[in-house]
Structure formats: structure tokens, C-alpha cells
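Enquirer: one predicted model, sequence on top.
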Amino acid sequence: MKQNVNWIFLFLFALISHVSFAQSQEVTGTVTDDSGLPLPGVNILIQGGTMGTQSDFDGNYSIKAESNQTLVFRYVGFKTQEIRVGAKTEINISLLVDSSELNEVVIVGFGQRDEDKLLQTVSVVSNASIDDLPAQSPQDLLQGQASGVSVTNASGVLGARSSVRIRGVNSLTGGAQPLFVIDGVPLDDSEQTFTQGGGGLNPLATINPESIESLTVLKDAAATSIYGSRGSNGVILITTKQGSTGAAPDFQFESFISFAKATELPSVLSNEQYGNFRIDVLNARSGTNFQSLEELRDGDGGDYTGAGFDWIDGVTRTGVSQNYNFSVRGGGETSTYYLGVNNTDQEGFTIGNNLKTTNVRLNVNTDISDNLRVGANTNISFSKNDRIGEENNTFAPFTAAQLIRPNANPRDEDGNFVASGQTGQNVIGIEALNTNYVETTRLIGNVYSELDLLDDMFTLRTSLGLDKRFVESVTRFSEVFTPGGSAQNAIGQIERINFTNTLNWEKSFGRHNLGALLGTQFEKTNTRFLNAATTNFLTDDLPNVGSGSEPNTTSSTSSESALIGYFSQFNYDFDGKYLFEASFRRDGSSRFGANYQFGDFYAVSGGWNISAEDFMSESIFNRLRIRGSYGTTGNDRISDFRFQETFIGADYNGNPGLTQESPALPDLQWEETATFDVGFKSGIFNDMIRFNVNYYKKTTDNLLLNIPVNPGTGNGSVTENAGEIENSGFEFDLGASIFRDTEFKWDINFNLSTIQNEIISLPGAGVDEQGRQFIQGTPAQRAIEGESANSFYMIPYLGVNPITGDAEWLNIDGEATSDASPADRRIVGDANPDFYGGLRSTMSWKNWDLNMLFNYTYGNDILVDGDRFVRNANFQGAFNLSTDVLDYWTPENTNAIVPALTSSTFTSYQRQSTNQLYDGSFFRLKNITLGYNFPKKIIDKLGFLSGIRLYATATNLFTLKDSRLDGIDPEFTDSLNPLALGESFFVAPQVSTYIFGAKFNF
Amino acid sequence: MKTIFKYNLLLLLALIFASCEDELDITSEDDVDSTALFSTATTVEGGVLGLYSQAQSRDAFNGAPQVLSEWWADNSGFVGSFPTFRQVFDYDIQADNTSINSIYFQNSDVIEACNLIITDLPLADPAPRNLSPELQAQFIAEARFIRALAKFNASLYFGQPYNVNEGESLSIPNILGVFRGDNLEEFDIPRSSLNQIYDQIADDLTLARPDLPATYPNGETSLRATSGAATALLARLELYRENFAAAAQLATEVINNTTYELASDYTFYNTASAEHIFQIANLAIDGQGTIGYSDLTNPTPGGRGDAPFSQDLVNAYQAEPGDLRFSELTQTGVDAAGTTSVFTAKYPDFATNADNAPILRITEMYLIRAEANVRDNSSIGATPVSDLNLLRNRAGLAPLVLVDIDDILRERRKELAYEGGHRRMDLLRNGKSLRQGLLFESASAVGQPQTIFPIPQEALDLTTQLVQNPGY
């Protein structure tokens, strides 16, 4: 009976519909927002059908519809509205902003959260912030963009590593870099330096920044504890671009060309200046009486009569780089895909420094059945880095160009390159004749499956990840510079396998929402290296290491480590108002002795969404949440076999021998960090103003210290868990949409982070003159109990006494003296800043946009150690010197940098002291981009294209810095060692680029 | 069905992970521990060879302190970039000098490694397989020899010589312990007097001598410790502490040893010639490293060009023209400042730094005997005149009729230039200033603070009992 009735209704309905279909009409109108401004690009669809259109630039639309149909107006950020057509031919509509749709989903460790239920302290660097930022590596995308994150590029050399610090330095010996995870695969970021001087290569350089969708920086324990023994330094989650279901293929082609120069170049003496200065010094100190450069040549030997050669100019150039990026993304009904291909050919601003990379990424996801999904994210990259020597290496272009005497010429009269015959090598010839490159092939990928169980209450996800790197370093030095020639070939293979399983559960009971996560993780890393070097080649025409007749080095090393983790997480919220989360993880690592192989880590957090309460419904706050968390994490960044007693090979006369390297350390265990974090997040006037504040305090104990021991023991140091360090600070994020709903839009985001770093205790360490315990990081820097981990401990330099012309230092009793000693050292500075951060300004008007990104740091001191050579007038005759040395004391020039030529302090005024210490605060326009998107009218005429964008960018355009830093770029660090921050020894300056590019969508 | 499937899956995962926990027990493939060290005679010998390898450090015996001594005295000019070396040349040494720190550290490293063999080998349980008592005694004796050599070496630099205060000046702390990771107190001891250190050295050498072989197979006699080497070092020790009769007698014993023979010309460097009593072997794949003898003493571009002959040294050779030691053992080249100068040619391998480091050779025995006899007015073994003329004859110089201490010092200088840092000690122990008639003459007089190194600041900072040398 029932069935018959159904059929009758259907028939009647069909009749009516049929009748209705006959009445199709043109419906037009204007779509505006609630202030009356037109909304372009609004989707207007026929409900239940596939017909649709979009509102134009003025908010007008026109669509054919039947009177019984419903028009659906849909626009991101606004509440969807449905209007029945009825008899109307004109429907004007005002859409209301829907703040709930503005909520992003935030990617966190092993899952994701709705932004309004997020208890973890994370910083999200979204696609909008990085889309038009030309970057060499993922770390570049972070600089200045996230509070609590400090990124320092080591130098302007291509491929150079960066130092990333999240909430300060939490470890002194156990590596302070955060964990990088890409699509769930923790990356191996071990450096493979191949000793070229100071520089190490950036292990993340082969990841194409253009394939990155967003980055999430996990900062507090609630976010990082689930990474257990690797969470102490913070975690950076990288999510790569995916396609979306039901989307037509979106092709994008982008290409840009960039011109690179050094931000700063030092100024050294010309040939004539050098010769004359030498005459002055010799006449004053050695009793000679040279009156001209010719007399100097005849009497002393050095010939400075010619024009000389400008070496700094000779080693620098304008680097021209090209970048091509092609991608297509989209998806069908049950699958999505993203394919990205990138090719770059970069030239550094130093000769001989190039980097070519090719990157292919393919991300696919597909539904195999209703409750089973599988997918793969794969990336293969090839890179060839034409390297240059760096820093403490006389073959390094920047170092040698400052040291080589200006009368040296790279070529002889016949035009052939010649060795310089002095400490500063002929780097122009070296870069022309020598080979020095590193080739890297890297495969990063993971495959996963997701299975929904028990009516979608449980989801089981299994993922197998791989990070495999092949690195080959080839060097071949010409016989012109290395008699006999030499070659080296080093090959390394680093492989990491990761197997992760998680079981997810979600359930809501009325207004109670619960979620739980159980997981296991297994990871194994394998490293093998082989190094062969030979010398004594018949001719430079034989490039390979096998052709050398005398083997010089054959060595190989291998290393292995494994990690097992069991973790769980539980989260609960009541009606989105009261939030609670807890996590627990147990990790075991092969790097620790049997007594302490496993460690437990936990976190709890809670919060209150005040803005979700009824009494807040009329307030100006669209978001107001207070939250706090407390938890523990660990740090496992020590070498793989630290706890074992080791004797290493020590051969003698070709026979194998052994010598003790370190005693056994069975009690070696984790460094553990406990983090307390509290803060609030607010959005005012519908997120027109966004203000977040956080306070954190991280205490790390069981610090792994290489406690220096009495050198009489024959051991430099012994590793112990001792010591405690604390980092605390505030993080402020302020965002304002100054103009949001007008044609001219302006949005700024400002972040500021303060950092206070204090060593609480260092038991067993040496004691300084003031009775405090300390660990020496570098000859100038120490971690001192009660002070920062990067305290500069040096003799204060007062300058040149205008009356006597002698250099003076401050002795320990507070008096000026010209005869200082190491006993006069005291704390003179701190390499850690007082505060740092960034400012991002986004402006757009019609089709134009102007984006600026500033980054700044304040209160940190930097040590330019190279000054002891290049600004040391005492080295005249040996090296070239900075033009600064010409400012020496004379009775006419009493306010001088260099003491009187006859002063006894002339030989010692550049001994290590605050004379080489500078104020490293700076404010820098890191990126300014002007872009133009072609208007829709022109695009439509071109047919196949759906968007064209042209842009011009300048990076590191200007920097406000201390006036003493002329010729020196304040951003550098020559070591990733947490105890050696902010020091430079002939570090190449940062790079400033001008970029012109175009992006086509079709 | 679904439930069963789910439980099976979880069980499978649990099984996989149970077996995975074994994966955490990983040991290094490239290193061994002490049970492996003392397991067989071969591995123990490896440990002994490791002592020589430690001595190969450039800051122990392969050149850094030795060439520093030449800059310190009057043999060498300094033209170079290292501020730590320049301090010594300019008599402006500071306690935080990193090169001095390395020298202190490396010699201590050698000493501690020797202590491990001497102390732990007799106590090894289970006893090493195939290790006869004679071989065990030999290995311990080799360790004693190297320890004596290293303590002698360190005592030259960090304390005043014997003739200042008759050996009661503070020298190095006499460290005999083995580092276990947690026994730092054993190493936190005060400095001993020079006499105490000399007694320790004499003890070690006297105990070692009977157990050391006279020769080694495969041409390695001069590359490892022999009874002849122990006797020779003892001779040098007795000369330094002014037991002249004993010095002459011990030198005579070595001279009469048929294993050694004065070479007929100067081609013996870096060979297995019978001229050598003890030298440190360096190979291309296992050499001095950089900033050792070869790197420092060769002119650019091959070497650093930092150590050309001083004008004073050139004058010393040219005062008696025809000295083969000047014509055959020197080269001209460009120094680091671009000036053409004279350099030693005793370490020509700048490419791979594989030149051996000479430590004891028979020529020195003749010189020791001659000096002991001159200073004690004796003629044990042979007269000083005949000993000196033997060496002068080889050098192509006319024989002398009378010999005084200045003749001895001159011969020592010309014979042992750029070898082992002898010039500095020769002048100091004979009461002469290091820079006679040259710049810094008064600062370089015997007993002056800047004629010896300071105890490194780092050692003072990390111990409680060490006292710094005066003037630092």
C-alpha cells in the first residue's frame, strides 16, 4: 500500500516539476557584504544541479533559473544563503560574515585540531605567508614569521646551513636544532661537512620550498611531548601541497630570475696604500728610512709600485639565478594528486659558488573503498653544489681576498694562473682550476593507509616513511696551487626508515566531545661513509682520485641508531568551551646506556574558550581563550655511541694500533626539559585585531655536558649528565587588518619574542676567577653559572689613549692598563638577544599588492674574530689589511683606532678582547615584493589562462645596524654548536637579491 | 568479522614491535672496548703501537714544540700567521696561548695512555692469549720508555732547566694514573720538582732497559723502543742533570753498541739508517698532519714558509765555509712574507708530511760524551777533541786542536738545527741567553720567566693544586 502511494506522489511531483521547468527565467542581481560593498567571485549555484556562475568585479551576476529552484550563494568567510527564485528576476543579497568558517584546521603532531579547540602553543606559517617568498630552503620561510623562532643564516654562501632555535638554547652539547618532520617523516639533518673550513651544508637544502603548503612550529610541551625524546628543541611540521577532490586540474607555471650581491663588502688597502703604510711602520719600528715605494722595494723586498689587484672585486660578482617551477594539482571523486617539478640554477655572489637543483614531488591520495584510503607523498631531488672554501680556510675566496697582499696578481705575464706564494691563496685561480663540488640525491617519501573501523569510530593509520640520501663530494686541486695535485672523493649514504602506526578514536556524547590516540613508532638510521684521497698526479688532466700515485687517506666510518616509541593522547572538550588535553610517550633509544635506555614523557594542558560563553556573545571579542600547559620532553641529539668505552684505531708505521678515546659511561641518560606555558589568544572585531600573548619557562636538567677535565688526564673532557639550564620569555603576536573591507586592503602581523637564558648549575665544571662554574665554548665565549649560556668572557678594551697613543684595556681592578692578562677577563656581553621577531605587512589595491617582511633582533653581541688578523696593523707585510689600519695615532690624529706606530701595544692591541666585539642588533627589510595580477577581463581574452601574476622582489634590501659595523653583515654564525653562538671568522656576508618573476595559472 | 580483523591487526603490530626492541642494542662497528684490547697478544701489541701513534701528534714530537723552540732561540726567523707562535718569538707569551695548551695536553695524553698499559696490562683478567711473560715485560717496558720520553719532553718546556736552582724549580705534575671517567682527584696533584721528574724518568728507563729488545725485525729497530734507545735517553738525562761521568759512560755504551753506526753522509734522514737510535715513523696515509715539521719548515708554496733560517744561523754556518750540513741540508725558497730565504731540507715532504721525526741519533751520543767530558774535565770513552773531529770530518770541516764549551755548542747547533728543539736547551743549560746579541737578549736570559712556557690557563682553571710560573 505504502509503495503505491509513493509512486503516485512521484508522478504528481514530476508533473509539477515538468510544468515548473518550463518556466525558466533570467535572474540578475548584486551580491554585497553587510556594509554594502560588492563581493566579487561569489559562487551562485542552482541547488541540486550543476549550473552555476560567479559574481563579477562589481558583485553583479546573471543566471538562468527555474522559479521553483533555489539559488545558493556561497563565499568563503561568509554564511551561505539560499534564496528561492520564485517569481523574482532580480535578487540582491547581502552576505554576512561567518566567523566560524574562518577557522582553520591546524596540523599538529600526529593529527589535527580545529583552531578554536587548540590548546597547544603553535605558530602556523600558512600558505599566504610563504607563497610569494623566494626561498632557498625551508628554514628561509620561517625567518621573522613565527614568534619564538629565531633563524640565523650562517652566511651568504649557497647551500650554507642555518641555525634554527625555538625558544632559546636548551642544550649545550646535545644539538639545539629542532626536529623537522615532513608529512609525518622525521628528517635526518646530520651535517655532512667534508671539512671545507667552517661551513657545513644545509641538509634541508634539497627540499623545494615551493612544494610546501604550510609549516607548523610546535613550541610548548603540550605540542612537543608527543615527540618524546626528540621534542625538547621544538618540532617543525612541514606539510606539502596536496590536490583536492572534485577539482579540475590546476596548472601553475612560475619562473623567476634573480640577481644576487653581497649585502656588505669589506674595504681593504690598495697596493699604494699598503706600500706606504708598510713604509710608515718600518720607518717607525725598525729604524729604516724608506722615502718611496721604490726604496721599499729595493731595501725590503716587497714591490708595491704597480697598480695592484683588487681581490675583493675579483672574487665577487652579481650572481644570476633562474628558477622554474611547474605544478599541477587536482583530483577526481575519490582521489587527489599533486605533481610539482622544480628546477633551479643558482649563482652565488662569490665566484665558484653555484647550486643546481631539480626536485620532483608527487603526492597522491585515493579512496580504495568507503573506509580504506591509501596514499603516498614522494619527493626525489638532485642537487649539485659547486662549493667554495669558507671561513678558516686559506683557500676560501672571502678569506683569501682579504688576506692576500694587493700586489699579488692572479695571473703571470703569460696569462697563466700562479700560486700566490703567501698565506692568502690565489683564489681566483683556485676557483678556475680546482674542482670542488658535492652532489646529493635524496629520496623522501612515505606511503600510508587509513582504515576506518567500527562505523568510523576508530581510524587506524599505518605509515612507512623513508629518508635516503646519497652524498658525493669530489675535490681536485690543481698542481699550480698544490704541488703534485691532490684529489679527494668521499661518498656517504644516510638512510632512515620510519614505521608509524596510530589508532584514532573520536566520539561525542551530547555536548561532551572526546578524542583519543594510541600510537607506536619505530625508526632506524644507518650511515656509512667512505673517503679516499691521493696526491702526486702526473698532470692536471687526470681528474679522478684513482690516478694519484700516492694514497694519502683511506678511511671509512659507519654508524647506526634506533628509536622505539609508544605514545598516547587524550583530548576532551565540553561544548567547545572547556578544553583539556593530555599525552604520554615512552621512548627507547640505542644512544643511551642499558641503565637508562627508556624514558617517559608526559604533558597536560587545559583551556577556557571565554568567547564561546553565552555572556560573551555581544562582546567585541570573537575569540578569547586562555590556556596553560605543562609537560616534559627529551633531547637525544648526541653521537650514536657516546656511552660505550671506546678505543679507536691509532696506526703506527702501517701496523694497526689502538688508543683509548673515552671511558665507559653506563649512566648516560636523556636531557629532560620541563616546560610551563600559559597565555591567551584573542580576536577583536571579527579578527580585525588579533592578539596573542604567551609566557613560557623551560627548565632543562640532566644536561649532557662535555665537562672539560684537567688536560693532565689526557682527555679533553668527559660526558656527564649534570647541569641545568633555563629559558624563559614572552611571545607576542599582534595582527591587525587595518583596511579589510575596502578596495585597499592592509594587514599587518607583528611578532616579538623575548628570551632570557640562564645557566642554573654546572656541577663538576671548572671555576673561574669569580668563583662561578663555567664551560668554555670558544676562547671568547663561555656558559657561566648564573649567566647566559653564551656569555662573552673577555678583557674589556678601552681604545687608544689620546694622550699617549697606547692601546689600553681595563684590568680587573678597574684601572686602565697597557699590559693586560687573561686574569683581567670578565663578562662583557651575551650572544643571545634580549628580544627578536618580525613584521609582515600585506597591502593590496585592486590588482596590485605590496608585501613586506622585516626581521629584527636586539641586544645580542657578535664577535668578529677575523679582526685579529685583518684589522691588525701588526700583520703588515704578512697580509693585506682593512683600510681601518690607516687610522693610527699621531699627535695630529689623537682620536685613532690603531695605536701609535712606535707604541709597545702596536703588537698586542688586537689580542682577543672587546675590540672584536660588536653590537649585533639589527632591523632588516628582509623581503619586499610588488606584485600585479592581471585583471579578469584580460585573462578571459587569453582563453586558456586563468591567472597571470608578475612580481618584483628585493631581499635584504636595507639593514639598520650599529655604525661600527661598516662592511660587516651582522647576521652570521660560524658554528651550530650551542656553545658557540654569534661568532664569525671570515664568514661571507649575507646575500641581497633582486628578483623578477611571473606566475601563470591555467 | 571486523572486530576479529581489527584484533588480528593489533596483535600483528604488537609482535612486530616486540622484536623491534632488540634493535636498540647497537654497538659501534669502528671501535672496541678494553676487554677487546687485552684479549690477545696481538691486540695488546696494538695498544702499544697506539702509544707511538699518540706520540705522532704534532704537538708532542712531530714538530710544533720543536720548531717553536727554534723560534724561541736564535736559529729561526718567524714569518707567519699564527699569533700563538708569534707570542713566543716576540717574548710576549700569554697563559691563554692555545698552542701551548695543546702541547701540554698532547704530552699528557701520551703519558696517560702509557699509564694504562703499565697499570692495567699486568692486571688484565682473563690474561691475554698467547702473551708470554717476556713479551708482556717488553710491552710494559716500551710503555715506560715512551712515558719517560714524554715526561722529559714536557719538562723541557714547562719548568726552568736544572742549572736554575739545581733542579728544585717546579716542573710538571708527575701523573701516573689512568683515567676512568670518575677519578679526577688522582690527577689533581701539585707540580713536582724537576729533580723528582728526572728521578721518575730515570726509574722508568732503568726498569725498561733489561726488558727491551736490542733490535726489531723488518727494519723497525729505530722506530720502536730498544734497549739502546733507553740507554741513549738516559745519557741525555744525565747530561741535563749534570751527572757528567754517568752521561759519558752511558753515551759510550751506546756508541759501542754495534746496532748503531755514524752515517758516512747526510742522506740518512727519513730512512732506516743505523745512524738513528729512535725516530717517530710517519707515512703518507699516517703522517705528521699539518703544522708539523714538514709544513712549518718548508718554503711556500709547498709549506707554510714560516721558519726560514735566522741571519744568525746562516752566519754560524758561513763562518766556516764548506760545511756540508749547510750545502746539503738546506734549500732556498720563498717565505710567507715573500722574501727569498734559506730553509732546512731535513723534512722535504710538504705534500704528505711523511718525513720521520728524528728523536735520538748516534751523533748526539758523541756530542753528549764530548760535552760531558769538557764540562767535567775528563775523557771517558774518548777525548772531546776526537769526538768533535769525527763529526766535523763528516761535515767536510778541518779538525780542531782544542775544544771548549763554545765549540761544543757550535757543533750541536749546526748538527741538530731544526731537530728536537735542542738549541734552546743547549743554551739555557749552559747558562747562556737565547738571543745573545740580538733583540730580546735580556728577556731571553737563563731563568727569565719568558724562557719557559706558562702552565696553560685551562689547566689552572680546572685543577686546584697547580701553581703558575712566575711572570705569568
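Expert: Ah, there it is.
Enquirer: name the element the residue lying closest to residue B:383 once chain neighbours are set aside belongs to?
Expert: Here the nearest residue to residue B:383 in space, its sequence neighbours aside, is residue B:373; by C-beta to C-beta, 6 or more residues apart in numbering or on different chains that works out to 6.9 Å. Bear in mind the C-beta positions are built from the backbone N, C-alpha and C, glycine included. Using DSSP states H and E, residue B:373 maps to helix B:362-376.
Enquirer: and residue A:412, how many neighbours?
Expert: As a burial measure, residue A:412 scores 9 neighbours (other C-beta atoms under 10 Å in any protein chain shown).
Enquirer: correction: the previous question concerned residue B:265.
Expert: 12.
Enquirer: check contacts around the residue lying closest to residue B:44 once chain neighbours are set aside.
Expert: Distance criterion C-beta to C-beta, 6+ apart; nearest residue to residue B:44, sequence neighbours excluded, is residue B:128 at 5.2 Å. Residues near residue B:128 by C-beta atoms under 8 Å, 6 or more residues apart in numbering or on different chains: B:38, B:39, B:40, B:41, B:43, B:44, B:136.
Enquirer: and of these, the nearest to chain A?
Expert: residue B:43 (7.0 Å; C-beta to the nearest C-beta).
Enquirer: return the helix or strand in the chain with minimum mean pLDDT.
Expert: You didn't pick a chain, so chain A it is. The helix or strand of chain A with the poorest confidence is helix A:2-21; it has a mean of 47 (mean pLDDT, DSSP states H and E).
Enquirer: actually, chain B is the one I wanted.
Expert: That would be, for chain B by mean pLDDT, DSSP H and E, helix B:2-20 at a mean of 60.
Enquirer: now the helix or strand that it is followed by: mean pLDDT?
Expert: For helix B:2-20, the following helix or strand on the C-terminal side (DSSP H and E) is helix B:34-37. Across helix B:34-37, pLDDT averages out at 83.
Enquirer: quick one: buried residues of the helix or strand just after helix B:34-37?
Expert: Downstream of helix B:34-37, the first helix or strand assigned by DSSP H and E is helix B:41-55. Buried residues in helix B:41-55, counted by 16 or more other C-beta atoms under 10 Å in any protein chain shown: B:41, B:43-55.
Enquirer: low pLDDT regions in chain A?
Expert: For chain A, the stretches with pLDDT under 70 are A:1-23, A:35, A:48-50, A:76-77, A:97-103, A:191-201.
Enquirer: nearest to the spatial middle of it, which residue is it?
Expert: Residue closest to the mean C-alpha point of chain A, counted by C-alpha atoms, centre = their mean, is residue A:139 at 2.0 Å.
Enquirer: tell me the contacts of that one?
Expert: A:151, A:153, A:162, A:164, A:202, A:204.
Enquirer: quick check: chain neighbours aside, which residue is closest to the second one?
Expert: To tie it back to what came earlier, the one meant is residue A:153. Spatial nearest neighbour of residue A:153, excluding adjacent residues (C-beta to C-beta, 6+ apart): residue A:162 at 4.9 Å.
Enquirer: is it true that residue B:74 touches residue B:435?
Expert: Yes - between residue B:74 and residue B:435 there is a contact at 5.5 Å, judged by C-beta atoms under 8 Å.
Enquirer: coming back round to it: so the residue nearest to residue A:153 touches residue A:189, yeah?
Expert: No - using C-beta under 8 Å, residue A:162 makes no contact with residue A:189, being 10.8 Å away.
Enquirer: which of these two has more residues huddled nearby?
Expert: When neighbours are counted by other C-beta under 10 Å, residue A:162 comes out ahead of the other of residue A:162 and residue A:189, with 22 against 18.
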